[in-house]
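# Here is my input, please return the structure:
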Amino acid sequence: MYTVSKTFTFCYGHRLMNDAGRCGNLHGHTARVTFVLGKETLDEHGMVIHFDRLKETIGEWIAENLDHTTLLCKDDPLTAALENAGERFRKLDVNPTAENIAKLLFNMAQGFNLPIRQVEVWESETSKATYQAT
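You can find the predicted model right below:
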């Protein structure tokens, strides 16, 4: 199996509903996300995938949909206030944890027909979550 990886960074705000700790408060992160892609054989250029394709697909999607965006659970009452204020936010079906963001990005990569194997989301220098193909 050949693998390659590509890392992107983006800034986002979030809060975790029903979290009794500090993460229940609105706060932000500069996330680092690494996509690991793999194939059994290389293409005609000797690549798993051209890195430019990653920038043009998942990289652009992150820039347009997650960067400098507040991520909230669809049930979070803050969504109404942000909408009324004209703020940029994205509703998720689940709590916007690093684990759920990793799965969201994995699914988006699949939607671009990328040979995705794993996504790592670092929400800080010491904390990461991973979602991978089973």
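# Dump the C-alpha coordinates for the host helix or strand of residue 117 into CSV.
Using DSSP states H and E, residue 117 sits within strand 116-122. The C-alpha coordinates for strand 116-122 follow below in CSV (Å, rounded to 0.1, in the frame of the first residue of the first chain):
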residue,chain,number,x,y,z
ILE,A,116,-8.9,8.5,1.8
ARG,A,117,-7.6,6.2,4.6
GLN,A,118,-7.4,8.5,7.6
VAL,A,119,-8.0,12.0,8.9
GLU,A,120,-6.3,13.5,11.9
VAL,A,121,-7.6,16.7,13.4
TRP,A,122,-5.2,18.5,15.9
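# what does the next helix or strand after it contact?
Per DSSP H and E, the first helix or strand lying C-terminal to strand 116-122 is strand 128-132. For strand 128-132, contacts defined as C-beta atoms under 8 Å, 6 or more residues apart in numbering pick out 36, 97-99, 101-103, 105-106, 117-123. For glycine as for every other residue, the C-beta is placed from the backbone atoms N, C-alpha and C.
# what's the answer for stretch 29-42, then?
Contacts for stretch 29-42 (C-beta under 8 Å, 6+ apart): 1-14, 48-49, 54, 58, 62, 98, 101-102, 105, 109, 114-124, 132.
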